[in-house]
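Peer 1: Sequence first, predicted coordinates after that:
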Protein chains: 2
Amino acid sequence: MKTLVIVSHPEYHDSGTQGFLKRATEGLENVTWHYLSESEQLDITAEQKLLMQHDRIIFQFPMYWYSAPATLKKWEDDVLTRAFTFKNEKGMLAGKEFGIVTTLGYPEKDFQAGATEGFSISEILVPYRALAHRAGMKFMSPLVISQFEYMTPAEQTKLLIDYQQYLSADYPLSFNVRQDWVIKQLKKIMNDTNQTKLQLIIDQLEQNQIDLNDLKEQIKMIRQEEEG
Amino acid sequence: MKTLVIVSHPEYHDSGTQGFLKRATEGLENVTWHYLSESEQLDITAEQKLLMQHDRIIFQFPMYWYSAPATLKKWEDDVLTRAFTFKNEKGMLAGKEFGIVTTLGYPEKDFQAGATEGFSISEILVPYRALAHRAGMKFMSPLVISQFEYMTPAEQTKLLIDYQQYLSADYPLSFNVRQDWVIKQLKKIMNDTNQTKLQLIIDQLEQNQIDLNDLKEQIKMIRQEEEG
C-alpha cells in the first residue's frame, strides 16, 4: 500500500509540528511526502499522476477557519477536475482511502455543541467527507492533533506511533491491526539496527505500562472507597 | 442597514449568474458589490475597514468542492485575523449578519443523505456557521441558486426578488417582512419612474397569481377525485 501525504501550511518552514511529522515518515516505506508550496505553479497532470500512483491520500494541514489553508483549496479546485474525480465519470480516485491529519490551536473538547467552537470536527470536515463520497473514496476518521506545543514527551511518542499507523497500517485501525503493526516494526528492527525507532517503541511500551499502572491504582482506590 | 457582497468566482467575467446578480443590486441603495480579483494583492487594513462599515456581510460564490473558491479562502485566511474577528478578542464583526449566496451546478435535492451528494447544504456550510459562531455574527439561512441556466424567465424574476430581499430586507425574512419590502419598492417607483423594476414586480405578482391558480386547480382535482 502506498500513501501520499499532501501537506499545506502557510508557515511550513517554521512549524514544529510539521517538522515532527516529517521526521516520523522518514522510517516508513511507501510514504510520499508532498509539500504544496504557495508560490509554485501547479502541474495538474503531474499532480493527478501522483494521486493515481497511491492507494491512500492524506490531506495534512493546520485548521484555518475550519478548513484547509487556501493553497490546498487552490490545489483541490485545479487538480480535482470533475472528469478525473467524479466516480460516475472517470473516477480515478474511486476505491482509494482518504484521510485528514489536522492540527488545532485549541483543545479538541472545544469542538462540540455548546462549547467555544460550537461544532464537532466530524461536522467541520463535511466538505471533505462529501468529496470522498463524490469520488467514491473511503473516508478515514481524521487524525486530530491539538496543541502539539503543550504535549509531554510521552504524548509526542504516542502521537508519533498513531501518525505512523495512520499513514501505513491497514484501515480501520482496530486493536489487532495496531498490534500487528507494532510486531512488524519490531521484526524490522531485529533485522536492521535502527536504535532511535527501537527507543521509541520501548518508550511506547513503557507508556502503556504507566497507563496500566494508573488504571490498577484507580481500581485499588475505588475498592478502598467501597470498603471504607 | 448597509450590506457588503463579497463575490468570488474564478470565471467571474463569463458568469451569467454573477452578471444577473450584479444587475439586481443596481437599483438597491446601501449595497456594496465587492469582487475579489484573483490576481490583486489584498490590502488587509482596507478590507477590514470595509467589513466594519457594513452591517450585513454576504459571501457569494459558486460551490467548488463544497466550499468557496480558493480566492475567497485566501481572503478569509488573510483578512480575518484572530484579534480582529474572535468575539472574545476585538470582535469587530460581533452583532453583524452573515449570509451565503451560493450557486450549484446540480439540483438542490441532490444534497441530502442517500442522494448523489450525500450531505445537505446546511451540513456543507458548517465551516461558515462555525466562523459566524466564533465571530458572534448572526448566520442567515443561505440563498441557494441551483442550475440558474435552466431557469424560466418567471423563475429568474422570483430569484431577482429573493436576492434583493436577501441583501436589503430585514432578517429573518418572514412573510410580513417580504410584504413590507414589496410595498416599499412600489412606493419608491411611484416617486421615480423606474419602468424595469415596475415590470419585474408586475411579473412577480402575475407569477403569484399563476401559483395561486395552480393551487386552486389542484384543490378542484382532489375534490373531483373524492367525489368521483
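Peer 2: Thanks, I have the structure now.

Peer 1: chain center to the helix ranked longest in chain A, what's the gap?
Peer 2: With secondary structure taken from DSSP state H, chain A has its longest helix at helix A:195-227. Mean-position distance between helix A:195-227 and its chain equals 25 Å (C-alpha atoms, centre = their mean, to the nearest Å).

Peer 1: Sketch out the strands for chain A, chain order is fine.
Peer 2: A:3-7, A:31-35, A:56-62, A:97-104, A:138-139, A:143-146 (DSSP state E).

Peer 1: okay, those strands in CSV with distance to chain B, mean neighbour count and mean pLDDT next?
Peer 2: (Glycine included, C-beta is placed from N, CA and C.) As requested, the strands of chain A are exported to CSV (distance: least, C-beta to the nearest C-beta, whole Å; neighbours: other C-beta atoms under 10 Å in any protein chain shown; pLDDT from 0 to 100):
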stretch, distance to chain B, mean neighbour count, mean pLDDT
strand A:3-7, 14, 22, 98
strand A:31-35, 17, 17, 98
strand A:56-62, 10, 23, 98
strand A:97-104, 12, 20, 98
strand A:138-139, 10, 16, 98
strand A:143-146, 15, 18, 98
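
Peer 1: And the longest helix of chain A, what's buried?
Peer 2: A:Lys197, A:Leu200, A:Ile201, A:Asp203, A:Gln204, A:Gln207 (16 or more other C-beta atoms under 10 Å in any protein chain shown).

Peer 1: go on, stretch A:163-182?
Peer 2: Those would be A:Tyr163, A:Gln164, A:Gln165, A:Tyr166, A:Leu167, A:Ser168, A:Ala169, A:Leu173, A:Trp181, A:Val182, for stretch A:163-182 by 16+ other C-beta under 10 Å.

Peer 1: among those residues, which are in helices?
Peer 2: When DSSP H is applied, the buried residues of stretch A:163-182 are split such that A:Tyr163, A:Gln164, A:Gln165, A:Tyr166, A:Leu167, A:Ser168, A:Trp181, A:Val182 fall in helices.

Peer 1: Surely the fourth one touches A:Leu143?
Peer 2: Yep, that's A:Tyr166 we're talking about. Yes. A:Tyr166 is in contact with A:Leu143 according to C-beta atoms under 8 Å; the separation is 4.7 Å.

Peer 1: so what's in contact with these two at the same time?
Peer 2: A:Gly99, A:Val101 (C-beta atoms under 8 Å, 6 or more residues apart in numbering or on different chains).

Peer 1: Give me the domain ranges for chain A.
Peer 2: Per automatic domain parsing, the domain ranges recorded for chain A read A:1-150, A:152-228.

Peer 1: And the longest one, end to end?
Peer 2: Using C-alpha to C-alpha, to the nearest Å, the end-to-end distance of domain A:1-150 comes to 33 Å.

Peer 1: A:Phe61 and B:Lys2: what is the separation?
Peer 2: Remark: distance between A:Phe61 and B:Lys2 (C-beta to C-beta, to the nearest Å) = 35 Å.

Peer 1: hmm, I was thinking of A:Pro10
Peer 2: Distance from A:Pro10 to B:Lys2, by C-beta to C-beta: 32 Å.
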